[in-house]
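A.B. asks: Provided below for reference: sequence and predicted model.
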Amino acid sequence: MFRSRPPLAATALALITLSSSAFASSGDAWDAFAKDVAAKCSVLAEGRIEQPKVVVDPFGTESYGVAILTGKAVGADATVSSICVYDKKNQTAEIGGELPADQVTITVP
């Protein structure tokens, strides 16, 4: 029964080593990632949001970069926001529809 501990410890060490590679990424790499997300999401906002302010989650999720774009809706006086999702593997982005600033917030119990 005690023989299983060394392989368990080796497995845990291997997992820690593999997962730490995400933390080993340089600040420059994360800056480049955020700039790419902002650039690709801004292109998708053209024709929807005038001069959008882009806020990028600095790291995103394991698989996706995430950004929120906010600004004046094209052809209207309303301020809107859109959510943009960036596929880290394919380096492509998709944008959601416009969300009005005055939209009612729904609280989930």
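C.D. replies: Nice, thanks for sending it over.
A.B. asks: when you work out contacts or count neighbours from here on, use the C-alpha atoms and nothing else.
C.D. replies: Fine.
A.B. asks: for the chain, which spans come out with low pLDDT?
C.D. replies: Of all residues in the chain, those with pLDDT under 70 make up the ranges 1-25, 104-106.
A.B. asks: show me where it has helices.
C.D. replies: Listed in chain order, the helices of the chain (DSSP state H) span 5-19, 27-45.
A.B. asks: contact partners of the longest one?
C.D. replies: Right, helix 27-45. Contacts made with helix 27-45 from outside it, assessed by CA atoms under 8 Å, 6 or more residues apart in numbering, are listed as 52, 54-59, 65-67, 69, 84-86, 92-95.
A.B. asks: go through it and flag the buried ones.
C.D. replies: Under the neighbour-count criterion of 16 or more other CA atoms under 10 Å, helix 27-45 has 33-34, 36-38, 40-42, 44-45 buried.
A.B. asks: same check on stretch 70-81?
C.D. replies: Of the residues in stretch 70-81, those buried by neighbour count under the rule 16+ other CA under 10 Å are 70-74, 79-81.
A.B. asks: ok, so of those residues, who is nearest Gln103?
C.D. replies: Ranking those by separation from Gln103, with CA to CA as the measure, puts Val80 on top at 9.5 Å.
A.B. asks: just list the residues touching the closest one, thanks.
C.D. replies: Remark: with contacts taken as CA under 8 Å, 6+ apart, Val80 is in contact with 49, 70-73, 98-101.
A.B. asks: let's have those residues in a markdown table, adding distance to Thr107.
C.D. replies: Supplementary listing: the contacts of Val80 in a markdown table, determined by distance: CA to CA, whole Å:
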| residue | distance to Thr107 |
| --- | --- |
| Ile49 | 27 |
| Thr70 | 22 |
| Gly71 | 24 |
| Lys72 | 26 |
| Ala73 | 26 |
| Glu98 | 20 |
| Leu99 | 16 |
| Pro100 | 17 |
| Ala101 | 16 |
